[in-house]
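> Sequence first, predicted coordinates after that:
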Amino acid sequence: MTQRDIFFVANEVNELGGVGRWQIQLATLLAGRGHRVTVVGIAPPHHPMDLGERPPFETVTLYARRPPSRPRPRRLVGRIDPAVRRHEAHMRQAAERLTALFRAARPGAVIVVPQVWAMEWVALADTAGHRVIGMTHESFDTCRKTSRFQRVKKYYQDVDRLLALTQEDADRWVGEGMNNVGFMPNPLPIPPGTPSPRSEKVVASIGRLSHEKGVDMLLDAWAEVAPQQPGWTLRIYGRGEAEAELRQRCAELGLEDSVDFAGQTDDVPGALRASSVFVQSSRGEGFPLVLLEAMACGVPCVAFDCAPGVREIVTHEEDGLLARPGNTSELARHLVRLMSDEQLRDAFGERALSNVRRFDPDAITRRWEELFDFLER
């Protein structure tokens, strides 16, 4: 195995959330296999994750404060607009630090860019002949609804590989004329361990309280579930900008006795093992880590089939149940079915615990190393 210098260049080094957790996990896995890993953030995190006292990789952040958004050039002035020129000069100055890092690396280094905003700085740097791998950590359909879509096509068109999270999403990018596309699933964030006894009358939801995560739709579904399953609690873990609105919605629906807003948790496996069913009601997803974590805890999942990554993880009617996106009545029916049938919960939970092992971190890490070797040929 070739030991390499590997750079992750992302929006932040340790931002709380799926991409941040994925980045820290993969950097740690690769460092554990002897690679020299550096994690570079463009800006400081809004909500930092704890890296521990001595992470096995170096960290660098280019800006002390988050840089302002790129100004739109005034129509008659265009690129000679002084505000645009100042912004680009600051970007080039920050990109020079990337250039210095890349030039100091050993031959065969790899630069992994998991977020397209960060790629704007990598595009200004001298990558010193090293291979560059771009990534999109959301589904094709989710990306297409945002400004990131055109930026992915612009900034990733000439990288050595653009990685989606699933084959289905990769095929969609090929359809957009991207001829450098592959796919790579996320590794399992926690090892499969002692499963939940699935005896507590608790349905768990874990995620940021934001519009994208669809907890408003979950409350609508729970309004149908709660009268049919007295004694059960919907326990919602997370914080976010929609919390006050969601609490108000919960009260309007008369659900305060059966819904527990439990706040942020630092013990996701513990929260999952204290539940019997996990529910995800997102409007959009990439390759959701929390579904992997729930299955690793032997907890059957009910989710909206909102992205290829969701149905790649959960197999409908085998280890969980999938509802059509946004169909809250169908989500409610799936929840009631699992909540009312202990044998079905146990069967799905045990199969989930077994099936999720295909995302074993060592296996995914080896796939990354095989990709590095392939690109070097």
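Alright, I've got the coordinates.

> Identify each of the strands in this structure and give its residue range.
Remark: strands assigned in the chain by DSSP state E are 5-10, 36-41, 58-61, 110-113, 131-135, 161-164, 181-183, 202-206, 233-237, 259-263, 277-280, 301-304, 320-323.

> Do you know the pLDDT at residue 74?
At residue 74 the predicted local distance difference test score is 63.

> Sorry, wrong one. I was asking about residue 237.
The per-residue pLDDT of residue 237 was computed as 98.

> is it in a bridge, and if so with what?
Following DSSP bridges, residue 237 is listed with bridge partners residue 206, residue 263.

> tell me which strands and helices the lowest-mean-pLDDT helix or strand in the chain is in contact with?
Of all regular secondary-structure elements in the chain, judged by mean pLDDT, DSSP states H and E, the least confident is helix 82-103 with a mean of 92. Other helices and strands packing on helix 82-103, by 3 or more CB pairs under 8 Å, 6 or more residues apart in numbering; DSSP states H and E, are strand 5-10, strand 36-41, helix 116-122. C-beta coordinates here come from the backbone N, C-alpha and C atoms, glycine included.

> what residues does stretch 156-167 touch?
113, 116, 119, 131-140, 152, 170, 172-173, 178, 180-186, 286-287, 308-309, 312, 371, 375 (CB atoms under 8 Å, 6 or more residues apart in numbering).

> one more time with 6 Å, if that's ok
With contact meaning CB atoms under 6 Å, 6 or more residues apart in numbering, stretch 156-167 is reached by 131-136, 170, 173, 178, 180-184, 286-287, 308-309, 312, 375.

> between the helices and strands packed on helix 82-103, which one is nearest to residue 275?
Closest to residue 275 of these is strand 5-10 (CB to CB; 31.1 Å).

> Identify each buried residue in that closest one, please.
The neighbour-count criterion (16 or more other CB atoms under 10 Å) identifies 5, 6, 7, 8, 9, 10 as the buried residues of strand 5-10.

> Also stretch 184-201?
Residues of stretch 184-201 classed as buried under the neighbour-count rule (16+ other CB under 10 Å) are 184, 185, 186, 187, 188, 189, 190, 192, 195, 196, 198, 200.

> of all those residues, which two lie farthest apart?
Spatial extent of these (CB to CB) is set by the pair 184 and 200 at 35.2 Å.

> OK, contacts around residue 246?
Taking CB under 6 Å, 6+ apart, we find residue 246 in contact with 209, 215.

> Quick check: closest non-adjacent residue to the most centrally placed residue in the chain.
Centroid check for the chain by CA atoms, centre = their mean gives residue 18 as the closest residue, at 3.3 Å. Spatially, and ignoring its direct neighbours in sequence, residue 18 is nearest to residue 289 (5.4 Å; CB to CB, 6 or more residues apart in numbering).

> Neighbours of residue 123, how many?
18 (other CB atoms under 10 Å).

> ah, wrong one, I meant residue 176
A count of nearby residues for residue 176, using other CB under 10 Å, gives 13.

> In stretch 61-69, which residues are buried?
Neighbour counts using 16+ other CB under 10 Å place 61, 62 of stretch 61-69 among the buried residues.

> Contacts for that stretch next, please.
Contacts of stretch 61-69 with the rest of the structure, by CB under 6 Å, 6+ apart, involve 13, 41, 42, 43, 44, 94, 97.

> what's the answer for stretch 113-120, then?
Taking CB under 6 Å, 6+ apart as the criterion, the residues outside stretch 113-120 that touch it are 9-11, 19, 42, 122, 134-135, 137, 148, 151-152, 155.

> That stretch: how far from the chain's middle?
In terms of CA atoms, centre = their mean, to the nearest Å, the centre of stretch 113-120 is set 14 Å apart from its chain centre.

> Send me that stretch as PDB with only the CA atoms.
Listed next in PDB are the C-alpha coordinates belonging to stretch 113-120 (Å, rounded to 0.1, in the frame of the first residue of the first chain):
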ATOM      1  CA  VAL A 113     -12.700  18.500  -1.900                       C
ATOM      2  CA  PRO A 114     -16.100  17.500  -0.400                       C
ATOM      3  CA  GLN A 115     -17.900  20.800  -0.800                       C
ATOM      4  CA  VAL A 116     -18.000  23.000  -3.900                       C
ATOM      5  CA  TRP A 117     -17.600  26.300  -2.100                       C
ATOM      6  CA  ALA A 118     -14.100  25.100  -1.000                       C
ATOM      7  CA  MET A 119     -13.400  24.100  -4.500                       C
ATOM      8  CA  GLU A 120     -13.500  27.800  -5.500                       C
END
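
> Tell me the buried residues in that stretch?
In terms of neighbour count (16+ other CB under 10 Å), stretch 113-120 has its buried residues at 113, 114, 115, 116, 117, 118, 119, 120.
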